[in-house]
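**Q** Mind folding the following:
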Amino acid sequence: MTYLVNFPTSLKKNKLPGFFLALEGIDGSGKTTQSQILCDHLNASGKVASVLHFPRKESGLLAELNASILSGKKKIPQEAFQYLFSADYTMLVNEEIVPRLEKGEIVITDRFHCYSSVAYGLFDTKKEIDRIYAQSLMVANGLLSTHFQFFVPDMTFYLDVSISTALERMSKKENKDIYEKKDVLEAVARGYAFLRDEFPDEFQYIDAERSIDEVTKNMVQILSNSSIKL
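**A** You can find the predicted model right below:
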């Protein structure tokens, strides 16, 4: 027996007074560095901004488990891993993101779960794009869900770098995550390309091959022309 599941939906937008900003990209693209620099810049300009990292490895109920899985010390089924991340992100939203946005603050996240869950959860093992499965994953992880739906960031910067650049940057790290491998990065990059094609209005492309200062300047300029009005 075949069953057809079909329903209309749209992305949920942030209606709180604060500004929600996310940085996305493959490992080694500079998200962690740029998110902190950008946060410091915003605070120095008189804004109230903070950085939150996802998945959480140092805070939150699931931090220790997240860290052990990402480091390869513990293994669980890929599907379970994605639901674990969904649970962690649900808590992050309610415990950290919403309270700050309600106060009118700027929240910067190093990854947005619903995007990264597709790029990493679906495309780390697939060579071809399976659009139907991708949509199913977006429903399951709360991006297109009709039951619970996370609101998307007001702006998402996609930091684009080549695989070779990412690997060169990560070669200096002592402890690597399970995703920080050439074949995985290539697959994840295809996943992000799919997302940018699927939701073209949600991403601001940033050439992250340039120097740290040039990348920061590019993002600040885009934000200056946005509703933040630096």
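
**Q** which residue ranges form the strands in the chain?
**A** Counting by DSSP state E, residue ranges of the strands within the chain are 19-24, 49-53, 106-110, 155-160, 203-207.

**Q** from those strands, which stretch is densest packed?
**A** strand 19-24 (a mean of 26; mean count of other Cβ atoms under 10 Å). The C-beta positions use only the backbone N, C-alpha and C, and glycine is treated the same way.

**Q** backbone phi and psi for the residue most central in space within the chain, please?
**A** For the chain, the residue nearest the mean C-alpha position is Arg111 (2.3 Å; Cα atoms, centre = their mean). Main-chain torsions, Arg111, degrees, to the nearest 10: phi 90, psi 140.

**Q** can you pull the contacts of the closest residue to it other than its chain neighbours?
**A** Nearest residue to Arg111, sequence neighbours excluded (Cβ to Cβ, 6 or more residues apart in numbering): Phe54, at 4.6 Å. Each residue near Phe54 by Cβ atoms under 8 Å, 6 or more residues apart in numbering is listed here: 85, 88-89, 92, 109-113, 116.

**Q** Kindly report the same for Met138.
**A** 114, 118, 144.

**Q** one more time with 10 Å, if that's ok
**A** Met138 makes contact with 9, 11, 114-115, 117-118, 122, 144-145, 195, 198-199, according to Cβ atoms under 10 Å, 6 or more residues apart in numbering.

**Q** the bottom helix or strand of the chain by mean pLDDT?
**A** Least confident helix or strand, the chain: helix 63-70 with a mean of 68, by mean pLDDT, DSSP states H and E.

**Q** circling back to that earlier point, closest to Ser50 out of the contacts of Phe54?
**A** Distance to Ser50, by Cβ to Cβ, is smallest for Thr109 among the contacts of Phe54, at 9.7 Å.

**Q** Just the helices from this protein, written as ranges.
**A** Assignment of helices within the chain using DSSP state H yields the ranges 31-44, 63-70, 78-92, 98-102, 113-121, 131-140, 163-170, 182-198, 212-224.

**Q** Could you identify which of those has the lowest mean pLDDT?
**A** When these are compared on mean pLDDT, helix 63-70 scores lowest, with a mean of 68.

**Q** I figured Leu84 was touching Glu64, is that so?
**A** No - counting by Cβ atoms under 10 Å, Leu84 stays clear of Glu64, with 11.9 Å between them.

**Q** burial measure for the spatially closest residue to His41 that is not a sequence neighbour, as a count.
**A** Distance criterion Cβ to Cβ, 6+ apart; nearest residue to His41, sequence neighbours excluded, is Val220 at 6.3 Å. Residues lying near Val220 (other Cβ atoms under 10 Å) number 16.

**Q** again, but for Lys217
**A** By other Cβ under 10 Å, 13 other residues sit near Lys217.

**Q** May I ask you to confirm that it is in contact with Asp207?
**A** No - Lys217 lies out of contact with Asp207 (Cβ under 10 Å); the separation is 11.6 Å.

**Q** The residue lying closest to Leu143 once chain neighbours are set aside: how many residues sit nearby?
**A** Closest residue to Leu143 in three dimensions, ignoring its sequence neighbours and counting by Cβ to Cβ, 6+ apart: Cys114, at 3.7 Å. Counted with other Cβ under 10 Å, the neighbours of Cys114 add up to 26.
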